[in-house]
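Colleague: Predicted model, plus sequence, below.
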Amino acid sequence: MAGVYGSVRSANFNPLTDAEIFYYYRPTRGTVSESFNGFKKLSSDCLVPTTEEASGTTILGLYTLKLPLDKFNMKGFYTVYIRPKEIETTLDDVSVLAAYPDVKGVVINLNKPELKGVIDLTGYRIDYFDDNGDRTETVRLITSCNRAEPVMVTVADSYPKSTRYRLTDTAAGLAFCTVTPSSANSFKPNVNPYIGVPGGKVVITNTKFNPVLLEIETIDHDADTLTYMIAGDQVRNRDKAIITTYNDDKEIYMQQDYYTVKNQLGNALYDVKRQRTTIDGSQTYDNVID
């Protein structure tokens, strides 16, 4: 439609640095596995970028979830939780700019090990903790992130702090981040919103996607394999007492032993069909039919 423009685009997303994947297993919906006392973490490389066939370029925002067979190898229910990566760190300071004391922000040291690889925090979310170590409902969004250095100034305004910060173009480790909201509400002009305290523990999270929760059920049979057993090609070898079932590609899908249990007088009591653990390779479709 003329005059209407979209403003939503896929984020520049790197699974290794921007996402965390956890999984949980239950044999059934009503039981708990003894080996799972909580969610376990998966490597983020399970998210594989999707490429366009014609050009071979990556389709921005579209990924394939490939689950490792060494972890997803039991029948039951798997819960997979994909969330933005959370970085637990501390605030180095909460202060203002020396030249603009009305601009208040938080200071974060990007040289900390937990922040390795992070260059710009613009758009990230800050979660805070209370005195009991519990995460609060208070969150702030980082609106700008600039390298800064501390400076000592003579306090001549209402902000009671002599250590303030100056923005710099050098590769300083400290980042001065403005957050929103950080200004007073119009109906409380003398009360500034809480944006943290120096040394306070916080969690910094990117906002590139919303958390995703998936439930995956692993089963022994699906519609195709059930069709093999019910309507698929079968061969009964009377000499070896083996029933061989083939899939749509004429490959051996299953082999079963069959025999009759008789009583002492030789009368038939039971017809038994039991799955074989060792496949007889001589019973291929071509060998039998041809």
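Modeller: Yep, that arrived. Residues are numbered from 1 along each chain as shown.

Colleague: ok, so what distance separates the closest residue to T51 other than its chain neighbours from F36?
Modeller: Closest residue to T51 apart from its sequence neighbours, by C-beta to C-beta, 6 or more residues apart in numbering: T58 at 5.6 Å. Any C-beta I mention is one placed from the backbone N, CA and C, and that applies to glycine too. To F36, T58 is 34 Å away according to C-beta to C-beta, to the nearest Å.

Colleague: Now M229. Its backbone dihedrals?
Modeller: Main-chain torsions, M229, degrees, to the nearest 10: phi -70, psi -30.

Colleague: okay, and for the stretch 101-250 of the chain, where does confidence drop off?
Modeller: Scanning the stretch 101-250 of the chain for pLDDT under 70 picks out 155-161, 183-191.

Colleague: now do 80
Modeller: For the stretch 101-250 of the chain, the stretches flagged by pLDDT under 80 are 153-162, 171-172, 182-192.

Colleague: Tell me where it has strands.
Modeller: Assigned by DSSP state E, counting those that start in this stretch, the stretch 101-250 of the chain shows strands spanning 104-109, 125-129, 135-152, 163-167, 174-180, 201-205, 212-218, 234-237, 242-246.

Colleague: now what about the shortest one, what contacts it?
Modeller: Among residues not part of strand 234-237, those counted as contacts by C-beta atoms under 8 Å, 6 or more residues apart in numbering are 242-246, 258, 283, 285, 288-289.

Colleague: Quick check: which of the strands of the stretch 101-250 of the chain is nearest to N14?
Modeller: strand 201-205 (14.7 Å; C-beta to C-beta).

Colleague: quick one, which of the strands of the stretch 101-250 of the chain is nearest to L62?
Modeller: strand 212-218 (13.4 Å).

Colleague: Could I get the CA-only coordinates of that closest one as PDB?
Modeller: In PDB, the C-alpha atoms belonging to strand 212-218 read as follows (Å, rounded to 0.1, in the frame of the first residue of the first chain):
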ATOM      1  CA  VAL A 212      11.300 -19.800  22.900                       C
ATOM      2  CA  LEU A 213      10.000 -22.900  24.700                       C
ATOM      3  CA  LEU A 214       9.700 -26.100  22.700                       C
ATOM      4  CA  GLU A 215       8.400 -29.600  23.700                       C
ATOM      5  CA  ILE A 216       9.800 -32.400  21.600                       C
ATOM      6  CA  GLU A 217       8.500 -36.000  21.900                       C
ATOM      7  CA  THR A 218      10.700 -38.900  20.800                       C
END
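
Colleague: what are the pairing partners of it, and which direction each?
Modeller: Take DSSP bridges as the rule and strand 212-218 pairs in its sheet with strand 76-84 (antiparallel).

Colleague: buried ones in the strand it pairs with?
Modeller: For strand 76-84, a neighbour-count test (16 or more other C-beta atoms under 10 Å) marks 76-78, 80, 82, 84 as buried.

Colleague: Stretch 270-285 too?
Modeller: Buried-residue list, stretch 270-285, by 16+ other C-beta under 10 Å: 283-285.

Colleague: swap in stretch 94-103?
Modeller: Buried residues in stretch 94-103, counted by 16+ other C-beta under 10 Å: 94-98, 101, 103.

Colleague: which pair in the residues you listed spans the largest distance?
Modeller: V94 and A98 (14.7 Å).

Colleague: Please flag which of the buried residues of stretch 94-103 sit within helices.
Modeller: Using DSSP state H, no member of those falls in helices.

Colleague: any idea which element D286 lies in?
Modeller: Remark: D286 resides in helix 285-289, with elements defined by DSSP states H and E.

Colleague: roughly how far is that helix from the heart of the chain?
Modeller: 47 Å (C-alpha atoms, centre = their mean, to the nearest Å).

Colleague: returning to what we had before: and the buried residues of stretch 94-103, which is closest to V179?
Modeller: V94 (9.9 Å).

Colleague: residues near the residue lying closest to Y270 once chain neighbours are set aside, how many?
Modeller: Nearest non-adjacent residue to Y270, counting by C-beta to C-beta, 6+ apart: V261, 4.2 Å away. By other C-beta atoms under 10 Å, 9 other residues sit near V261.

Colleague: List the buried residues of the strand or helix carrying V261.
Modeller: Applying DSSP H and E as the criterion places V261 in strand 252-262. Buried residues in strand 252-262, counted by 16+ other C-beta under 10 Å: 252-256.

Colleague: The residue nearest to Y270 against K273, yeah?
Modeller: No. Contact criterion C-beta atoms under 8 Å: V261 and K273 do not qualify, at 11.7 Å.

Colleague: Thanks a lot, see you next time.
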